[in-house]
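In: Curious how this folds, go ahead:
(one chain, ligands or ions: 1)
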Amino acid sequence: MKEPTYWKRSRGAYRILIIISALMVIISVAALFFFTDDTGTEEDNTPSNKEYTTIPTTNDDPNTIIDGIHVRTGLVEAEGLMAVVTNCTTCHSAQLVIQNRMDRDRWIATIRWMQKTQNLWGLGDNEAVIVNYLVTNYPPINKGRRQALSQVEWYELKE
Ligand code: HEC
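Out: Residues are numbered from 1 along each chain as shown. Next up, the predicted model:
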């Protein structure tokens with residue numbers, strides 16, 4: 001049985017409708033793309049953002065020292081620092097080192113424990129250097145309060 005012609009015609013109209021709506025979707029997506037792109041650049045150009053990017057960063061040198069602190073790790077600058085940075089900050093944060101204060105025996109015991117249970121490698125000649133650094137800079141403190149600040153160089157905060 002032949003389809004009635006009005007049905008055929010309406011199917012044609014339906015197709016055209018689909019094509020038109022598809023075009024509209026494409027156009028609106030394109031418009032949205034250009035629109036958001038514009039506002040994005042506008043935001044990046046706000047003065048405060050520009051100023052922010054001119055603040056000197058330490059990204060250039062990973063081993064920048066500021067006020068006696070190795071900025072990337074927070075470790076104190078002293079003899080043996082780089083041996084500690086290389087050997088002690090790969091598995092965990094240097095904070096784990098900094099927040100612990102121990103005497104020589106306990107630092108060595110901690111290293112042995114990591115070597116036994118955590119796959120810490122043999123430190124060779126560096127072990128003495130590292131332990132000296134740790135004992136010198138992170139010894140146990142028995143005081144209930146932190147010590148008074150000394151040798152403070154005050155500086156004015158720039159806006
Ligand atoms: C091979 C990996 C690895 C390396 C390298 C490593 N550690 Fe650890 N260390 C660990 C793991 C794992 C722990 C346990 C972490 C935890 O408890 O979350 C740990 C824990 C510690 C702790 C805390 C111990 C405690 O009693 O809570 C200290 C302090 C520490 N490490 C110091 C060091 C020092 C100093 C070095 C350099 C000689 C070093 N680590 C290098 C794996 C390592």
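
In: okay, now the domains of the chain?
Out: 5-54, 65-137 (automatic domain parsing).

In: Ok, which of those comes nearest the ligand?
Out: Across the domains of the chain, the ligand has its closest neighbour in domain 65-137 (2.8 Å, C-beta to the nearest ligand atom). For the C-beta atoms, the positions are set from N, CA and C on the backbone; glycine is no exception.

In: Buried residues in the strand or helix carrying residue 16, which are they?
Out: Using DSSP states H and E, residue 16 sits within helix 5-44. Buried residues in helix 5-44, defined by neighbour count with 16 or more other C-beta atoms under 10 Å: none.

In: Would you pull up how far it lies from the middle of the chain?
Out: Distance of helix 5-44 from the chain centroid (C-alpha atoms, centre = their mean, to the nearest Å) equals 41 Å.

In: May I see the domains of the chain organised as a markdown table, with mean pLDDT and distance to residue 153 added?
Out: Listed next are these as a markdown table, based on pLDDT from 0 to 100; distance: least, C-beta to C-beta, whole Å:
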| stretch | mean pLDDT | distance to residue 153 |
| --- | --- | --- |
| domain 5-54 | 74 | 24 |
| domain 65-137 | 95 | 8 |
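
In: Kindly report the residues of the chain close to the ligand.
Out: Taking C-beta under 6 Å from any ligand atom, the part of the chain that reaches the ligand is made up of 87-88, 90-92, 96-97, 100, 110-111, 114, 118-120, 130, 134.

In: out of those residues, who's nearest residue 75?
Out: The nearest member of these to residue 75, counting by C-beta to C-beta, is residue 97 at 7.1 Å.

In: What sits closest to the residue most central in space within the chain if chain neighbours are left out?
Out: Nearest to the mean C-alpha position of the chain, by C-alpha atoms, centre = their mean, lies residue 72 at 10.3 Å. Excluding its sequence neighbours, the residue lying closest to residue 72 (C-beta to C-beta, 6 or more residues apart in numbering) is residue 62, at 5.5 Å.

In: Near the one you found, how many other residues are there?
Out: 11 (other C-beta atoms under 10 Å).

In: Could you look up the next helix or strand downstream of the host helix or strand of residue 108?
Out: Per DSSP H and E: residue 108 is located in helix 104-117. Using DSSP H and E, the helix or strand that directly follows helix 104-117 along the chain is helix 126-137.
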